[in-house]
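S.K.: here are the coordinates; sequence isn't available:
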């Protein structure tokens, strides 16, 4: 760790005064902290509303002063100085800089000291002008204060409390932003020495005087920014939080806007650590404060809002980031910010990044063209802005300017190595981008060299010292792109001299890395929920508690180390610093040992929270005769497919279909599977040409690796996770005209389901974990089911007042027959559970399965008011082989405030129980099961994140961890009568049939024989041969084991 400058001496003094006035706080447990954390709103609409309501300039107005009736230079300088200060308070950056510049011109012709005026003008240029001019003014100001012994000696016509320390502190911040760490540290050291020279006689007797508190805050703020710039994010966070506490205590030295700026810095520090939800909360605090205190039209407000833009970019919320970035640019322009302002340029770069991420490369390049032109008068700023800009280099690479990208990334790598070192993740990301550029250039050797340096660092799990409670909702896109590019290069060098000379198996290494990419993509936000679930397993809870204690102790030791290093360098206790570092390393070793213990003794928890990449050899070991594994990886430019048989050669293919085209293909096919149809006649034809084209692209090239197997385990990636491969036709087929019942013409299609049973795995390693589980207790009861919940008192009264009349008893014209799908209306309010439509047919579905399984209908079937969350939590579910839920599956967005997937159960006021009527993901993780099957006969339960990228990242994964061996999960909104027919038929299969084969046989029956018969007329209304009816359910987990 870099030894910090003596500027941090301010912390001890401030802590002393703060401790005298602040009440003591009780330490909070990790569990308490998690419960206190409140996630931010799902959109930025609230911030936009605040901006619309905020005053233009926080109530300040630019006062037009009357020019003095004199030609005295001192009076004219003072007049323009005051006029500039007033303009700055009103948010008029152009007028502020103009007046202060004129004041300096007059003052230079006098004998008055200039350091305060230079500092004020430098600050104005920092906010709304040129960074180059700002540095020039701040540098001159610091030189003029050299040798001054104290503020009580110096007289100035333009008094400011901080005219000795502030220029050096601000100069350090500007140097840090340019990556010139040595210059920044030197400026900060000089400022700290000047601060020491201003200490009043008597030592600490006047610690709380506003001028001295302000100086200490400025120095600490600069040190905090320098720590964050150089990659010491934990120390920067500790210092930032101390500053927030101290400023909030109101020493009378700083206005509220200072607090807003600290919250903005905290947001950036947290975002650099990947803690994006915490970062968003901090950025929102900063935005709200800035709008309240400075108004909308202020350069400082714009810069504060920019922290929220940056967090949105890191969260991959590119549309909202673009929206807010345009607002920030508008504020800068309305307040007269100079076109060559580096802050305005940075805001435009944020917009360019958001545009590029949305595929709007031409628009993004136009923004960079505007920036380059604007910085034309400031070559130093332009050089620093463009020469090491990784985002700009990525755009150049995408648009074919490979040589320019190489030059930019080479400079960026040198800068990152200088700032944070070779082993830092940020440096590894730059190396990875540089490797991509070399690969695009055709320099395979250099590309492999850079990838070899970058990939091991990027593949590591997030630092064990960081808490996952409020981590990013989405995977790092640069990580995915870099590893995808490396996998592509490995695919290209198969059988070449590069593979031989480096002694690698390119296909096997690509397979292992692909699993790492999928694992990172799958691993969304289950960690915090898993921690809560661990509490219910005492032995695991103890280990998890020790892990949390170690993490908290490491964080505390970092703060103590920051305090030790905050002393002047001549007064630092080197022994204490070394001891703290030793204890930190010892705790890291303890964490590593505890991680090994979790992986050894609690493999299911380890697989949930930190799945490990699996090698080809390990994957093959988990397969049995007659089984094969098909794993896919979809990158931006290509899709990779591996087919691993139980015995024989592994097949591998790389196809030129990238993520965007694959998503388009899947969306096209799903149009016939979730059409939003009101009637049967509204269901469109399934696009057999597109489906077979996907088969030819995806499976046919690796056919040798899976064709001889009867069961295919699929590890899907990206959009492929939303499409069951069983519905792909294995031959080109024209849909024949209907000659019988509606949809019966689909019986002639050669679906993959005809020849193979398809099972989905959440990760390659999950099959080994499942197959290591002991067999379930033979004495378990056969079945328990929950269905037909009542979401309102009205539904309960309606159900009690009349017997259920299934849809089967309604005679209708076939094509106009209503299609009953289990879906929740989108965007209901938080109290609108009662608006969910009832599902009376699901009671019969649950009862049918129960009868087939020979369950006790009184004891083990819970419908109506009995299908509530308290019942689910109260039952000993470890005593059942099959557990079924037939109800609405909800995803974030279905109900306002719903932030995780959930199953809708009876409303609390109907059931007379506590709770909210929802069985959420974290509550499911806390359940204890020992089930061979969990059936989720509900809508969208396999799309829990709402991202469309991973079909097993929702409720399915939660039940999987809770103790299910296999899951039957729906991929889209199921049609209710076919769902009942399929699930009932499935459990009628003999006990000697495996789960995978049972589902395959049921699908074939649905295609060939199952039909909807109107019970009143006895006529066949339609066939279930359309895949909307027979293909919605996916088997996830171990496809072996008896179906019953």
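M.R.: All right, it came through fine. Keep in mind it's a predicted model, so treat the numbers as computed, not measured.
S.K.: tell me which stretches of the stretch 601-750 of the chain form helices.
M.R.: Under the criterion DSSP state H, counting those that start in this stretch, the stretch 601-750 of the chain contains helices at 603-609, 616-621, 659-670, 688-698, 703-706.
S.K.: tabulate these (CSV), appending distance to residue 1033 and mean neighbour count.
M.R.: For the C-beta atoms, the positions are set from N, CA and C on the backbone; glycine is no exception. CSV is the format used below for the helices of the stretch 601-750 of the chain (distance: least, Cβ to Cβ, whole Å; neighbours: other Cβ atoms under 10 Å):
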stretch, distance to residue 1033, mean neighbour count
helix 603-609, 23, 20
helix 616-621, 25, 17
helix 659-670, 15, 17
helix 688-698, 18, 19
helix 703-706, 21, 18
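S.K.: out of the ones you listed, flag the one nearest residue 848.
M.R.: Nearest to residue 848, of all those, is helix 659-670, at 28.3 Å by Cβ to Cβ.
S.K.: what's the closest of the helices of the stretch 601-750 of the chain to residue 197?
M.R.: Taking the helices of the stretch 601-750 of the chain one by one with Cβ to Cβ, helix 603-609 is closest: 53.2 Å.
S.K.: over to the nearest residue to residue 936 once chain neighbours are set aside: give its phi and psi.
M.R.: With Cβ to Cβ, 6 or more residues apart in numbering as the criterion, residue 936 has its nearest non-adjacent residue at 5.0 Å, and that residue is residue 969. When read as degrees, to the nearest 10, the backbone of residue 969 gives phi -120, psi 140.
S.K.: quick one on the thing from earlier: can you list the helices of the stretch 601-750 of the chain in TSV and add distance to residue 932 and mean pLDDT?
M.R.: Converted to TSV, these look like this (distance: least, Cβ to Cβ, whole Å; pLDDT from 0 to 100):
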stretch	distance to residue 932	mean pLDDT
helix 603-609	16	70
helix 616-621	23	93
helix 659-670	30	92
helix 688-698	31	97
helix 703-706	26	98
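S.K.: now render those helices as CSV, adding distance to residue 548.
M.R.: Formatted as CSV, the helices of the stretch 601-750 of the chain follow (distance: least, Cβ to Cβ, whole Å):
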stretch, distance to residue 548
helix 603-609, 13
helix 616-621, 30
helix 659-670, 36
helix 688-698, 43
helix 703-706, 43
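S.K.: low-confidence stretches in the stretch 451-600 of the chain?
M.R.: Applying pLDDT under 70 to the stretch 451-600 of the chain picks out residues 461-476, 519-537, 552, 555-574, 576-577.
S.K.: tell me which stretches of it form helices.
M.R.: For the stretch 451-600 of the chain, the helices defined by DSSP H, counting those that start in this stretch cover 477-492, 497-502, 506-522, 526-534, 538-565, 574-601.
S.K.: run through the stretch 1-150 of the chain and note the low-pLDDT ranges.
M.R.: Checking the stretch 1-150 of the chain against pLDDT under 70 turns up 1-39, 56-70, 91, 147-150.
S.K.: ok, back up a step: quick one: closest of the helices of the stretch 451-600 of the chain to residue 1035.
M.R.: Short answer: helix 506-522, nearest of those by Cβ to Cβ, at 17.8 Å.
S.K.: got a list of contacts for the closest one?
M.R.: 455, 459, 475-476, 479-480, 483-484, 486-487, 490-491, 493-494, 499, 611-617, 619, 631, 633, 640, 642, 650, 652, 715, 717-718, 762-765, 949-950, 952-953 (Cβ atoms under 8 Å, 6 or more residues apart in numbering).
S.K.: now that helix, how far from the centre of its chain.
M.R.: 20 Å (Cα atoms, centre = their mean, to the nearest Å).
S.K.: just the angle between it and helix 477-492, please?
M.R.: With axes from the mean of the first three to the mean of the last three Cα atoms, to 10 degrees as the basis, helix 506-522 and helix 477-492 are set at 160 degrees to each other.
S.K.: a strand runs through residue 1012, doesn't it?
M.R.: Yes. Under DSSP: H, G, I helix; E, B strand; the rest coil, residue 1012 falls within a strand.
S.K.: tell me the spacing between the nearest residue to it once chain neighbours are set aside and residue 744.
M.R.: Closest residue to residue 1012 apart from its sequence neighbours, by Cβ to Cβ, 6+ apart: residue 1021 at 4.6 Å. Using Cβ to Cβ, to the nearest Å, residue 1021 is found at 11 Å from residue 744.
S.K.: where along the stretch 701-850 of the chain do the strands fall?
M.R.: Secondary structure of the stretch 701-850 of the chain by DSSP state E, counting those that start in this stretch: the strands cover 711-715, 757-760, 781-787.
S.K.: out of those, flag the one nearest residue 184.
M.R.: Residue 184 lies closest, by Cβ to Cβ, to one member of these: strand 711-715, at 47.6 Å.
S.K.: pull the residues that contact the closest one.
M.R.: Looking at what lies outside strand 711-715 - Cβ under 8 Å, 6+ apart - the contacts are 515, 518, 623, 626-632, 706, 725, 756-764, 767, 994, 996-997, 1039.
S.K.: drop anything exposed from the residues you listed.
M.R.: If you count burial by 16 or more other Cβ atoms under 10 Å, the buried members of the contacts of strand 711-715 come out as 515, 518, 623, 627-632, 706, 725, 756-764, 767, 994, 996-997, 1039.
S.K.: could you dump the helices of the stretch 451-600 of the chain into JSON lines and include distance to residue 1026?
M.R.: Below are those laid out as JSON lines (distance: least, Cβ to Cβ, whole Å):
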{"stretch": "helix 477-492", "distance to residue 1026": "35"}
{"stretch": "helix 497-502", "distance to residue 1026": "47"}
{"stretch": "helix 506-522", "distance to residue 1026": "30"}
{"stretch": "helix 526-534", "distance to residue 1026": "35"}
{"stretch": "helix 538-565", "distance to residue 1026": "45"}
{"stretch": "helix 574-601", "distance to residue 1026": "45"}
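S.K.: which one of those lies closest to residue 290?
M.R.: Of all the helices of the stretch 451-600 of the chain, helix 538-565 sits nearest to residue 290, with 27.1 Å by Cβ to Cβ.
S.K.: I'd say residue 219 and residue 189 touch.
M.R.: No. Residue 219 is beyond contact range of residue 189, at 10.3 Å (criterion: Cβ atoms under 8 Å).
S.K.: the more surrounded of these two?
M.R.: Taking other Cβ atoms under 10 Å, residue 219 and residue 189 do not tie; residue 219 has more neighbours (27 against 17).
S.K.: any idea which of the helices of the stretch 601-750 of the chain gets closest to residue 928?
M.R.: That would be helix 603-609 among those, by Cβ to Cβ, at 11.8 Å.
S.K.: do you know which of the helices of the stretch 451-600 of the chain lies nearest residue 855?
M.R.: Among those, the nearest to residue 855 by Cβ to Cβ is helix 526-534 (27.4 Å).
S.K.: burial measure for residue 298, as a count.
M.R.: The local packing of residue 298 (other Cβ under 10 Å) involves 31 other residues.
S.K.: and the gap between it and residue 540?
M.R.: On the measure of Cβ to Cβ, residue 298 and residue 540 end up 51 Å apart.
S.K.: so how far is the helix or strand containing residue 119 from its chain's centroid?
M.R.: Element membership of residue 119, judged by DSSP states H and E, is helix 115-128. Chain-centre distance of helix 115-128: 38 Å, with Cα atoms, centre = their mean.
S.K.: which parts of the helix or strand that it is followed by are buried?
M.R.: Downstream of helix 115-128, the first helix or strand assigned by DSSP H and E is helix 131-145. By neighbour count with 16+ other Cβ under 10 Å, helix 131-145 contains the buried residues 131-135, 137-142, 144-145.
S.K.: could you export the residues you listed as a markdown table, including distance to residue 882?
M.R.: Formatted as a markdown table, these follow (distance: Cβ to Cβ, whole Å):
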| residue | distance to residue 882 |
| --- | --- |
| 131 | 67 |
| 132 | 72 |
| 133 | 74 |
| 134 | 70 |
| 135 | 71 |
| 137 | 75 |
| 138 | 72 |
| 139 | 75 |
| 140 | 79 |
| 141 | 77 |
| 142 | 76 |
| 144 | 82 |
| 145 | 79 |
